[in-house]
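Trainee: coords below, sequence missing:
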Ligand code: SF4
């Protein structure tokens with residue numbers, strides 16, 4: 001097992017018999033949206049997903065992707081950011097606050113065109129308006145709860161390369 005990944009989780013798992021309130025983080029709600037099966041493995045069986053690519057690769061890809069972000073917020077990989085904002089809008093509303101539908105992403109991108117580091121880093125800062133819709137949040141939490149109460153591991157997503165890979169291995 002690598003130093004970056006421990007597949008076995010023991011804390012914060014769902015226990016059907018427990019009478020305590022089960023806390024579900026925003027990122028786990030997002031995991032449920034991405035894949036019910038992964039969510040079930042993670043929150044009920046304690047087997048977490050491996051992390052993404054190492055940071056060195058991420059930062060280069062991140063830079064290029066974020067350059068695109070300035071022009072539009074309609075890329076699939078940006079959906080997670082939108083859902084994050086909508087969950088916070090929903091949470092504030094549930095706590096009695098009046099919340100605007102429009103939220104703002106502050107995007108800071110380190111300038112890479114400077115000739116030298118010279119002990120400082122300059123940033124381009126952009127404000128991106130986004131009109132959120134939190135109507136999906138409550139029903140998704142209800143569905144996630146239902147998923148955890150079930151005793152069947154949800155089906156794999158046929159479009160997921162990882163599960164197809166595992167199935168191919170298991171079929172040998
Ligand atoms: S379908 Fe993909 S995302 Fe879902 S459990 Fe399999 S590996 Fe995880």
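Mentor: Perfect, I can see it now. Because the structure is a prediction, the values reported are computed rather than measured.

Trainee: CA only for contacts and neighbour counts going forward, please
Mentor: Will do.

Trainee: what does this structure have sitting close to the ligand?
Mentor: Where the chain comes near the ligand, counting by Cα under 6 Å from any ligand atom, the residues are 35, 37-38, 156-157, 160, 162-163.

Trainee: for those residues, pick the one with the most neighbours.
Mentor: Scoring these on neighbours with other Cα atoms under 10 Å, the highest-scoring entry is residue 38 at 23 neighbours.

Trainee: in contact with that residue, which residues?
Mentor: For residue 38, the contacting residues are 31-32, 48-49, by Cα atoms under 8 Å, 6 or more residues apart in numbering.

Trainee: so it is in which element?
Mentor: With elements taken from DSSP states H and E, the one containing residue 38 is helix 36-43.

Trainee: repeat for residue 104
Mentor: Per DSSP H and E: residue 104 is located in strand 102-110.

Trainee: that strand: partners in the sheet, and parallel or antiparallel?
Mentor: Using DSSP bridges, the strands paired with strand 102-110 are strand 123-131 (antiparallel).

Trainee: contacts for the partner strand?
Mentor: Applying Cα under 8 Å, 6+ apart, the external contacts of strand 123-131 come out as 70, 82, 101-111.
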